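Participant: Let me see the structure of the following:
(chains A and B)
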Amino acid sequence: MTPGAIVRLAILILLLAFLLAPQSFAPVFAPLTRFGAPPIYNQGSLLDITLSHLWITFLATLASTIVAVGLSILVTRPFGKEFLSLSRSLANVGQTFPPVAVLALAVPVLGFGTEPTLIALFLYGLLPIFENALTGLTNVPRDVDEAARGMGMTGWQRLVGVELPLALPVILSGIRVAAVISLATATIGSTVAARTLGEVIIAGLTTSNTAFVLQGGLIVGILAVLLSDALSALERLLARRAGLTRRAEA
Amino acid sequence: MIEIDGLTKTYEATTVVDHVSLTIEKGEICVIVGTSGSGKTTLMRMINRLVEPTAGTVRIDGRDTRDRPAHQLRRQIGYAIQGHGLFPHRTVGQNIGTVPRLLGWEKPRIAARVDELLSLFQLDPALYRDRLPSELSGGQQQRVGVARALAAEPDILLMDEPFGALDPIIRSKAQDDLLAIQKRFGTTIVLVTHDMEEAITLGSKIAVMDKGKLLQYATPAEIIARPATDFVNQLIGTGDRPFRLLSLETVLDHVEPGEAAGDAIDASLSLRDAYAECLWSGRDAIPVEEAGQRIGRVTLSRLTALAARPQ
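Facilitator: Numbering: from 1, shown residues only, chains lettered A, B, ... in the order given. Here you go, the predicted structure:
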């Protein structure tokens, strides 16, 4: 086990301990409160809020992945080439639209709750995944693609058997970026009553309770780092499986 | 038999292949040679319809190649390219089994065929079957590429500069292997190269292409003796002509009875090798042996006569 892995494991254990038994950490956060305010968030279970936060992030990233990868497959087929620039602009719009604005626009239509947050995060995740999937699908080595065609693979067989497996590590890297952005951005969903860790931060801000702000921020930050690391490790594993790393070295 | 008839490929204003007609007999090795941009690769790729012809037809054993979907046609024709194009994420065994799997062969049959081909190409199946292509040397990757092209026992094998990326020693070994395999299976081979030396070594017929046109289609001896145009002559290289001519035949074809001094040479070597040995060792005649037995000699004067332009 590398030192890095030991540190990450220790952080994960600490996080789980805090989520399962927050009160036992009260002495740590007490110096940050004033006038006898509660040092640990007390308006709901931190564990439930964290799980809800992760669930929203997961749903939004999953939806982004399905749509972005689907689009990238369509526009890299011979019949979809002309939609390439159109879909690129669409994904770019998704990225430039501030999530807060999406929330503001979605609330009148969908009402308060989880849905506007999901839509904002979904739009935000589209671009990184789409761009990476495009890169992966269009960068299949020319001789490999040529051989696949020459051996009589149909378009579908080339996609499933050659292009997607070779593009997978790059696609996953896009998903990682989208998931981390989504995890951080989900906090603003609390402004429209989605159940995310933003709730803890907002509660801290409105009551001038630094301990709450720090708790919400720390949980989100640690989750983001751990998630990014885990997905990076998966990427490396997949790249090795695809025989890509050695190829790059050689 | 491959009959190419008036085959033409035009990209907008440029004609890449211009009314090429030629017939490749069954079991022949036809080498298409030309400089880059001569249309040689495009001509070959029209045989398995990786490029669709603008005009003209290709018939294989009398059957028009357009009478079935392109991917089905390609599964019947072996295809090997420069840089091998192995699937980096699949093992050597899976790579070789690609076309049999597409054709729906039973698993045990594919496995048996993979092992057979690996042994044929001097790669121990137990050792190499489950490796990834990146774990092989360049020469081994190239052999796996050719093995993959041969996996479904095709009657025709198309090869696009298959040995281009290999160093000279591995290259000449790969050429020998190809000739041995061709002899064994009687596969019709169409091979594209820019190297006239390779064309002469491998080809039973050579097609010389330039600017989309077929300049000459003949046996190597004919091409060397009677090049159709100056361009063909240039490709052969006038300084090399006598030696290229000698390289076409083996010592066995011209061994004569008699004795000679010094070390013997093997009867399977080319006349060119024998000539070089005569010059290098300063002998007028060298003994010839076959399977370790002396069977006669070959003389410098005879070799010199054979190197002259045929009348």
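
Participant: Spatially central residue in chain A, please.
Facilitator: Centroid-nearest residue in chain A: A:Ala179, 0.5 Å away (criterion: CA atoms, centre = their mean).

Participant: Dump the C-alpha coordinates for the top helix by length along chain B into CSV.
Facilitator: Longest helix in chain B, counting residues (DSSP state H): helix B:168-185. The C-alpha coordinates for helix B:168-185 follow below in CSV (Å, rounded to 0.1, in the frame of the first residue of the first chain):
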residue,chain,number,x,y,z
PRO,B,168,16.0,-5.6,-43.0
ILE,B,169,16.9,-8.9,-41.2
ILE,B,170,13.4,-9.5,-39.8
ARG,B,171,12.0,-8.3,-43.1
SER,B,172,13.8,-10.9,-45.2
LYS,B,173,12.8,-13.6,-42.7
ALA,B,174,9.1,-12.4,-42.9
GLN,B,175,9.3,-12.6,-46.7
ASP,B,176,10.7,-16.2,-46.6
ASP,B,177,7.9,-17.1,-44.2
LEU,B,178,5.3,-15.6,-46.5
LEU,B,179,6.6,-17.6,-49.5
ALA,B,180,6.6,-20.8,-47.5
ILE,B,181,3.0,-20.2,-46.3
GLN,B,182,1.9,-19.3,-49.8
LYS,B,183,3.4,-22.5,-51.1
ARG,B,184,1.7,-24.5,-48.4
PHE,B,185,-1.9,-23.1,-48.8
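
Participant: I'd like to know if the next helix or strand after it reaches chain A anywhere along the stretch.
Facilitator: Per DSSP states H and E, the first helix or strand lying C-terminal to helix B:168-185 is strand B:188-193. No: Strand B:188-193 lies out of reach of chain A by CB under 8 Å from any CB of the partner chain, never closer than 12.7 Å. No exception for glycine: its C-beta is placed from N, CA and C like everyone else's.

Participant: give me phi/psi at A:Gln43?
Facilitator: phi -100, psi 20 (degrees, to the nearest 10).

Participant: just B:Ile32 next, same as before
Facilitator: Torsion angles, degrees, to the nearest 10, at B:Ile32: phi -100, psi 120.

Participant: Could you point out the bridge partners of it in the sheet?
Facilitator: Beta bridges link B:Ile32 to B:Val192, B:Ala207, judged by DSSP bridges.

Participant: and the gap between it and chain A?
Facilitator: With distances taken as CB to the nearest CB, to the nearest Å, B:Ile32 is found 16 Å from chain A.

Participant: residues contacting that residue?
Facilitator: For B:Ile32, the contacting residues are B:40, B:43-44, B:190-193, B:206-207, B:209, by CB atoms under 8 Å, 6 or more residues apart in numbering or on different chains.

Participant: which stretches of the stretch 201-311 of chain B form strands?
Facilitator: Assignment of strands within the stretch 201-311 of chain B using DSSP state E, counting those that start in this stretch yields the ranges B:205-210, B:213-218, B:265-266, B:285-290, B:293-299.

Participant: Pipe the ones you listed into TSV and attach mean pLDDT per row.
Facilitator: Formatted as TSV, the strands of the stretch 201-311 of chain B follow (pLDDT from 0 to 100):
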stretch	mean pLDDT
strand B:205-210	94
strand B:213-218	93
strand B:265-266	89
strand B:285-290	90
strand B:293-299	89
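
Participant: ok, and which of these has the densest surroundings?
Facilitator: strand B:205-210 (a mean of 24; mean count of other CB atoms under 10 Å in any protein chain shown).

Participant: which other residues reach it?
Facilitator: With CB under 8 Å, 6+ apart as the criterion, strand B:205-210 contacts B:20, B:22, B:24, B:28-35, B:38-40, B:43, B:199-200, B:214-220, B:223, B:228, B:231-232, B:235.

Participant: and that strand with strand B:188-193, angle?
Facilitator: With axes from the mean of the first three to the mean of the last three CA atoms, to 10 degrees as the basis, strand B:205-210 and strand B:188-193 are set at 40 degrees to each other.

Participant: Convert strand B:205-210 to PDB, retaining C-alpha atoms only.
Facilitator: The C-alpha coordinates for strand B:205-210 follow below in PDB (Å, rounded to 0.1, in the frame of the first residue of the first chain):
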ATOM      1  CA  LYS B 205       3.900 -11.300 -61.400                       C
ATOM      2  CA  ILE B 206       4.700  -7.600 -61.000                       C
ATOM      3  CA  ALA B 207       2.300  -4.800 -61.800                       C
ATOM      4  CA  VAL B 208       4.000  -1.400 -62.100                       C
ATOM      5  CA  MET B 209       1.800   1.600 -61.400                       C
ATOM      6  CA  ASP B 210       2.500   5.200 -62.000                       C
END
